[in-house]
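K.L.:
A structural model of the following input is requested.
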Amino acid sequence: MICDNCQQKFNISKQDQEYYKSFNVPEPTWCPDCRKMRRLSMRNERTFYQRRCDFCNKDIIAYYPKKSHQVVYCPECWYSDSWDPNNFSKDFNFEKPFFEQFKALYKIVPTLSLDVVNCENSQYVSYCGDDKSCYYDIAGEANEQCFYGKFVKYSKDCVDNSFVYNSELCYECVNCHNCYGSTWLTLCYDCDHCHNCYDL
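P.N.:
Just a heads-up that it's a prediction; the model follows:
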């Protein structure tokens, strides 16, 4: 088949065809990659925008650009008792389609600008808690001076890492625990001054 979106060829296996028939749904017209992009289109964890909090009007960093139709509150306002979420409740109308009502509600209910808790000097982090002086840390926890990491936790002075835990002075490491002064490691534990290693 040819993807309706990207015009690339893709296959639908016999097993998948049987699956679609069992639920009486049509076969997909988009390739798997395009379908994945569409499913994740509302998710943003890596792009930050400068804008104002729609509650207190201070300058903030957010997942949502100024031009979005989303009402955005900074964490201090969003977690405060200064507003009541119940003020946005609506009765469900069985005469209208669900997603039409959901979209209308989604546009007026305030959302959190960034999901961060107790971070210090770490303005450009996402889904983080207790970070100190970190930059572009995604889903980190209790890190200090860590930059460009994803799922880096309890680490210090680490740069360009993914899934690194309890480590210090590491660069370009993936799935590493308790490492020190190391670079380009993958699946390593308790390494000290190691370089270009795998599964130690």
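K.L.:
Identify each buried residue in stretch 149-168, please.
P.N.:
149-156, 158-165, 167-168 (16 or more other C-beta atoms under 10 Å). (C-beta placed from N, C-alpha, C; glycine too.)
K.L.:
Check the secondary structure at the closest residue to F55 other than its chain neighbours for me.
P.N.:
Distances taken as C-beta to C-beta, 6 or more residues apart in numbering put C77 closest to F55, at 4.0 Å, once the chain neighbours are dropped. Here C77 is recorded as helix under DSSP: H, G, I helix; E, B strand; the rest coil.
K.L.:
moving C-terminal of the biggest strand by length in the chain, what's the next helix or strand?
P.N.:
Longest strand in the chain by number of residues (criterion: DSSP state E): strand 183-189. Later in the chain than strand 183-189, the nearest helix or strand by DSSP states H and E is strand 195-198.
K.L.:
before we move on, the earlier item: how much space separates the residue nearest to F55 from Q50?
P.N.:
Distance, C77 to Q50, by C-beta to C-beta, to the nearest Å: 17 Å.
K.L.:
Ok, H195 next?
P.N.:
H195 is 38 Å from Q50, by C-beta to C-beta.
K.L.:
What count of nearby residues applies to the residue nearest to F55?
P.N.:
C77: 20 surrounding residues under other C-beta atoms under 10 Å.
K.L.:
Which secondary structure state is assigned to the closest residue to S82 other than its chain neighbours?
P.N.:
Excluding its sequence neighbours, the residue lying closest to S82 (C-beta to C-beta, 6+ apart) is F55, at 7.2 Å. Under three-state DSSP, the three-state class of F55 is coil.
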